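Asker: Please work out how this folds:
(2 chains)
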Amino acid sequence: EDKVVQSPLSLVVHEGDTVTLNCSYEVTNFRSLLWYKQEKKAPTFLFMLTSSGIEKKSGRLSSILDKKELFSILNITATQTGDSAVYLCAFNAGNNRKLIWGLGTSLAVNP
Amino acid sequence: DTEVTQTPKHLVMGMTNKKSLKCEQHMGHRAMYWYKQKAKKPPELMFVYSYEKLSINESVPSRFSPECPNSSLLNLHLHALQPEDSALYLCASSQDFTSGRKLPDTQYFGPGTRLTVL
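Answerer: Numbers count the residues shown, from 1 in each chain, chains lettered A, B, ... in the order given. I've put the predicted structure just below:
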């Protein structure tokens, strides 16, 4: 059965800290791995990863995929209170439409 | 423009009411999705439309009835809901591809409708 496991489930840091969120997966027909940020409402798309070892970067956020060890990490440097959210990892299964979701990591950044 | 819009933002309804949720996108996407999300849980897929045809129904009860009038619009008709149906209902869209193409696809979400069933 396909599954996604995120760790930690929750994290509390201070502004300026660097955090690393983990997403490991077991899939039978991997197509892509996606990271979303969810505050109060809709998940906001962050990254889509398809190839191992290629870092995707957007400002203070970056992510990389390891298809051999079956995991991805999301790094946030110099965290700000606005980074407080749930970060969701999902992978795109074989039929290219259904996403398999992890439970998310709840990040709280304190001033 | 990566915007998906949803109306209403909040909805309170009784168990005998009939209401509809609406979703719209103008990104030229040909796949549209309905998700249900409970607190502290990830989104749970309900329906997928591809090129205006229902392609996935995740065994959703018939009190939820989706409709895709055209490629930009997606509705979810609600009737005789139960209190346990209270949740955040999210719409998403993606480019989608015809069968045979294997490029991965990104789903973009709307802000959701917070539904409360009394």
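Asker: When you work out contacts or count neighbours from here on, use the C-alpha atoms and nothing else.
Answerer: Will do.
Asker: give me the number of residues near B:V12?
Answerer: When neighbours are counted by other Cα atoms under 10 Å in any protein chain shown, B:V12 registers 12.
Asker: Distance of it relative to A:W35?
Answerer: In this view, B:V12 and A:W35 are 31 Å apart by Cα to Cα, to the nearest Å.
Asker: and what of B:W34?
Answerer: 19 Å.
Asker: Can you say which helix or strand has residue 46 in it?
Answerer: No chain was given, so I picked chain A. Using DSSP states H and E, A:L46 sits in strand A:43-49.
Asker: The chain in question should be chain B.
Answerer: Element membership for B:M46 (DSSP H and E) is strand B:44-50.
Asker: pull the helix or strand with minimum mean pLDDT from chain A.
Answerer: Lowest on mean pLDDT, DSSP states H and E among the helices and strands of chain A sits strand A:99-101, with a mean of 91.
Asker: Next SSE downstream of that strand?
Answerer: strand A:105-110.
Asker: What is that next one packed up against?
Answerer: Judged by 3 or more Cα pairs under 8 Å, 6 or more residues apart in numbering or on different chains; DSSP states H and E, strand A:105-110 is in contact with strand A:10-14, strand A:85-92.
Asker: Give the partner strands of it in its sheet and their orientations.
Answerer: strand A:10-14 (parallel), strand A:85-92 (antiparallel) (DSSP bridges).
Asker: Mean pLDDT lowest where, among the ones you listed?
Answerer: Looking at these, the lowest mean pLDDT belongs to strand A:85-92 (a mean of 94).
Asker: Which strands and helices lie in contact with the least confident helix or strand of chain A?
Answerer: On a contact count with 3+ Cα pairs under 8 Å, 6+ apart, strand A:99-101 meets strand A:3-7, strand A:85-92.
Asker: Serialize those strands to TSV and add fields for mean neighbour count.
Answerer: Output for those, formatted as TSV (neighbours: other Cα atoms under 10 Å in any protein chain shown):
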stretch	mean neighbour count
strand A:3-7	18
strand A:85-92	25
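Asker: OK, contacts around A:Q6?
Answerer: A:21-24, A:89, A:102-105 (Cα atoms under 8 Å, 6 or more residues apart in numbering or on different chains).
Asker: Let me fix that, I meant to ask about A:F45.
Answerer: With Cα under 8 Å, 6+ apart, A:F45 has these contacts: A:34-37, B:107-108.
Asker: So B:S55 sits against B:Y49, correct?
Answerer: Yes: using Cα atoms under 8 Å, B:S55 makes contact with B:Y49 at a distance of 5.4 Å.
Asker: When the two are compared, which one has more neighbours?
Answerer: B:Y49 (23 against 13).
Asker: before we move on, the earlier item: of the helices and strands packed on strand A:105-110, which approaches A:T28 most closely?
Answerer: In terms of Cα to Cα, the element of the helices and strands packed on strand A:105-110 nearest to A:T28 is strand A:85-92, at 10.8 Å.
Asker: what's the angle from that closest one to strand A:3-7?
Answerer: Orientation note: strand A:85-92 sits at an angle of 150 degrees relative to strand A:3-7 (axes from the mean of the first three to the mean of the last three Cα atoms, to 10 degrees).
Asker: now strand A:85-92 and strand A:43-49, what's the angle there?
Answerer: Using the same axes, to 10 degrees, the inter-axis angle of strand A:85-92 relative to strand A:43-49 is 50 degrees.
Asker: Dump strand A:85-92 to CSV, restricted to CA.
Answerer: Once non-C-alpha atoms are left out, strand A:85-92 reads as follows in CSV (Å, rounded to 0.1, in the frame of the first residue of the first chain):
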residue,chain,number,x,y,z
ALA,A,85,1.8,26.7,9.1
VAL,A,86,1.2,23.0,8.4
TYR,A,87,3.5,21.7,5.7
LEU,A,88,2.1,18.9,3.7
CYS,A,89,3.9,16.4,1.5
ALA,A,90,2.1,14.4,-1.2
PHE,A,91,3.1,12.2,-4.0
ASN,A,92,1.5,11.8,-7.3
